[in-house]
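>>> based on what follows, work out the 3D shape:
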Amino acid sequence: MSKFTFHTVDTAPAESKPMLEGAIKQMGSIPGLYAVMAQSPETLKAYQQLHQLFTATSFDAEELTVVWQTINVEHECHFCVPAHTAIAHSMKVDPAITEALRNQTSMPTAKLQALHDFTLAMVRERGNVSDEQLAAFFAAGYGQQQVIEVILGLSQKVISNYVNHVAKTPVDPLFAEFTWNK
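As a prediction, the model looks like this:
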């Protein structure tokens, strides 16, 4: 078994150093996920850009959380579930939403449930959702734009969830209080 390198600013490839330095300025430390991704500057940059782009979509903080955590829980990402719990708290998302997602229970509103159900279908069906699943999503008040935006969020989460799986990224102390196991 191969152990993955968790880079610091000193050990990272030159192209990754500014991104790691930015993480230190923004968060006070380098998240383990970034430390692993730094091995491939292109991957770290893509992940950060996808995050920025997804947060700029039409989804509000609750909806972003539903998409992220639905994917994280379905992928059983031991790192991203606690990280996005902390992010949800920082975005003032109702903790009832986060706990429902973590525990795989019903969402507090029909619209958020429809978003959860559609996101889960996208993951499980690898994008091959049925006409009925699309119709239910549209009936809840979402449109074609949000279908495409769920795919953007899924793209971001596939990168982080899969990297955390292969690298066995330990949960950062910053997120430790939100540790999660399926």
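>>> what helices and strands are in contact with the longest helix along the chain?
Secondary structure of the chain per DSSP state H: the longest helix is helix 144-167. Taking 3 or more C-beta pairs under 8 Å, 6 or more residues apart in numbering; DSSP states H and E as the contact definition, the neighbouring helices and strands of helix 144-167 are helix 32-37, helix 41-55, helix 61-74, helix 80-90, helix 110-124, helix 131-139. Quick note: C-beta positions are derived from backbone N, CA and C, even for glycine.
>>> neighbouring contacts of the first one?
Residues from elsewhere that reach helix 32-37, judged by C-beta atoms under 8 Å, 6 or more residues apart in numbering: 4-8, 16, 19-20, 23, 43-44, 47, 79-80, 83, 159-160, 163-164, 167, 169-172.
>>> export that helix as PDB, just CAs?
Taking only C-alpha atoms (Å, rounded to 0.1, in the frame of the first residue of the first chain), the coordinates of helix 32-37 have been written out as PDB:
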ATOM      1  CA  GLY A  32      -5.500  17.800   4.600                       C
ATOM      2  CA  LEU A  33      -7.400  17.700   1.300                       C
ATOM      3  CA  TYR A  34      -5.400  20.600  -0.100                       C
ATOM      4  CA  ALA A  35      -2.200  19.000   1.300                       C
ATOM      5  CA  VAL A  36      -2.800  15.900  -0.700                       C
ATOM      6  CA  MET A  37      -4.100  17.700  -3.900                       C
END
